[in-house]
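Colleague: A predicted structure for the sequence below; I have some questions about it.
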Amino acid sequence: MSTHAPMPAPIVPAPAFELPSGYPGHDDAAYLTHRAVIAEAAHGHLPGAEPPHIAYTPQDHACWNQITHALAPLWRKYATAEVREAMEGLALPTDRVPQLAESSRRLRELTGFSFAPAAGIVPLQDFYGTLADSVFQSTQFIRHYASPLFSPEPDMVHEVLGHGATLASPRFADLYRQFGAAARRAETRESLKAVSRVFWFTLEYGLLGDPGSPMAYGASLLSSYGELQQFRQAYICPLDVRRMVTVPYDVTEYQSVLFAAYAFEELEDFVGAFCAGVDGDTGDRLGVTADQRW
């Protein structure tokens, strides 16, 4: 018989995760640990496999419920008909956070797109490039419950609700694929910036209809409780590639300049023409500089 005392069980440290000071939840240890577990699940995901199952907390579900019910009347008032119809088809639950796998399966049935889990911010070349393969890389976390109507970082509200609304539309989904193909042809940093900027002012912040009372289809608008009520106060311009790639903007503020197409066909023609012409010289032709912000 051994005379040695049994070795104590190893202590497994909680996964490390930090948020910048000032972010909701940055000092909530339980929330940070929860976020770290979600990020680790994404790190371990194999391409082509279903997104991992996440054990969402009661606070997560309550937060999602509050957000979806707050946004619903705003979508009825401000979202384009194409978006509203696509959201009905996607049929996301409102009383709980949807698993990315279930949303992905439904999305694939509708347009051939699927969601893939992302642990955090994805490099632009990778993010846009996978759009060409009908894959949208999405986070699996939801914002801190103390701030349900605002998030300083893209979470599932932005990506599954906001982008899901357009990814579930065959016509919008085709625009995502075109941006993905264009990004893969953008051989320089400047050309990729041009793709990113046009994507920003269309599929993130785009408008359709009469400039006097346009409707929103951009994911960032659709997922922002505050900005969706105020976007018509922005200076609304016709579609213009050169202006899109050079106008200053701040991702932390409501956008002061937005772009509207009168009709969906105009948007399709505009995005199609831009994306088809993207190559390694696009950034230079449009005057994009190396130090210009994304």
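Modeller: Good, I have the coordinates.
Colleague: now residue 61, nearest residue through space, not along the chain?
Modeller: Using C-beta to C-beta, 6 or more residues apart in numbering and skipping residues adjacent in sequence, the residue nearest residue 61 is residue 96, 4.6 Å away. Backbone N, C-alpha and C define where each C-beta goes, glycine included.
Colleague: Hmm, I typed the wrong one, I wanted residue 35.
Modeller: residue 17 (5.0 Å).
Colleague: confidence score at that neighbour?
Modeller: According to the prediction, residue 17 has pLDDT 81.
Colleague: Helix, strand, or coil at it?
Modeller: Secondary structure state of residue 17, per DSSP: H, G, I helix; E, B strand; the rest coil, is coil.
Colleague: returning to what we had before: wait, a strand at the residue nearest to residue 61?
Modeller: No - according to three-state DSSP, residue 96 belongs to no strand; its state is coil.
Colleague: I figured it hits residue 56, correct?
Modeller: Yes - Residue 96 lies in contact with residue 56 (C-beta atoms under 8 Å); the separation is 7.3 Å.
Colleague: So the two - more neighbours on which side?
Modeller: Neighbours per residue, other C-beta atoms under 10 Å: of residue 96 and residue 56, the larger number sits with residue 56, 20 against 15.
Colleague: Skip the chain neighbours and tell me the closest residue to that one.
Modeller: Residue 56 sits nearest to residue 97 (C-beta to C-beta, 6+ apart), 4.6 Å away.
Colleague: Now for that neighbour: which residues touch it?
Modeller: Counting by C-beta atoms under 8 Å, 6 or more residues apart in numbering, residue 97 makes contact with 54, 56, 60, 61, 64, 142, 156.
Colleague: ok now do the second one, which residues does it touch?
Modeller: Applying C-beta under 8 Å, 6+ apart, we find residue 56 in contact with 96, 97, 142.
Colleague: which SS class is residue 210?
Modeller: Look at residue 210: counting by three-state DSSP, its state is coil.
Colleague: now do residue 52
Modeller: coil.
Colleague: Leaving out chain neighbours, which residue sits closest to it?
Modeller: residue 41 (4.2 Å).
Colleague: thinking the one you found is in contact with residue 101, fair?
Modeller: No - the pair residue 41 / residue 101 is not scored as a contact, 11.5 Å apart, by C-beta under 8 Å.
Colleague: Return every residue with contacts to both of those two.
Modeller: Joint contacts of residue 41 and residue 101 (C-beta under 8 Å, 6+ apart) are residue 52.
Colleague: if we can go back for a sec, what separates the residue nearest to residue 56 from residue 103, distance-wise?
Modeller: For residue 97, the distance to residue 103 equals 10 Å [C-beta to C-beta, to the nearest Å].
Colleague: repeat for residue 286
Modeller: As for residue 286, its distance to residue 103 is 35 Å (criterion: C-beta to C-beta).
Colleague: between the two, which one's more packed in?
Modeller: Shown here are residue 286 and residue 103; by other C-beta under 10 Å, residue 103 has more neighbours (25 against 19).
Colleague: what about that one, which helix or strand?
Modeller: helix 100-111 (DSSP states H and E).
Colleague: Give me the nearest residue to residue 95, chain neighbours excluded.
Modeller: residue 65 (5.5 Å).
Colleague: Residue 32 versus residue 287, what's the distance?
Modeller: For residue 287, the distance to residue 32 - C-beta to C-beta - is 42 Å.
Colleague: Same drill for these two, tell me which one is more crowded.
Modeller: Shown here are residue 287 and residue 32; by other C-beta under 10 Å, residue 32 has more neighbours (19 against 12).
Colleague: Report the contact partners of that one.
Modeller: Residue 32 touches 17, 18, 19, 25, 26, counting by C-beta under 8 Å, 6+ apart.
Colleague: Can you classify it as helix, strand or coil?
Modeller: helix.
Colleague: mind pulling up the phi and psi values for residue 209?
Modeller: Per-residue torsions, residue 209: phi 110, psi -170 (degrees, to the nearest 10).
Colleague: Residue 80 is in contact with that one, correct?
Modeller: Yes - judged on C-beta under 8 Å, residue 209 makes contact with residue 80 at a distance of 7.4 Å.
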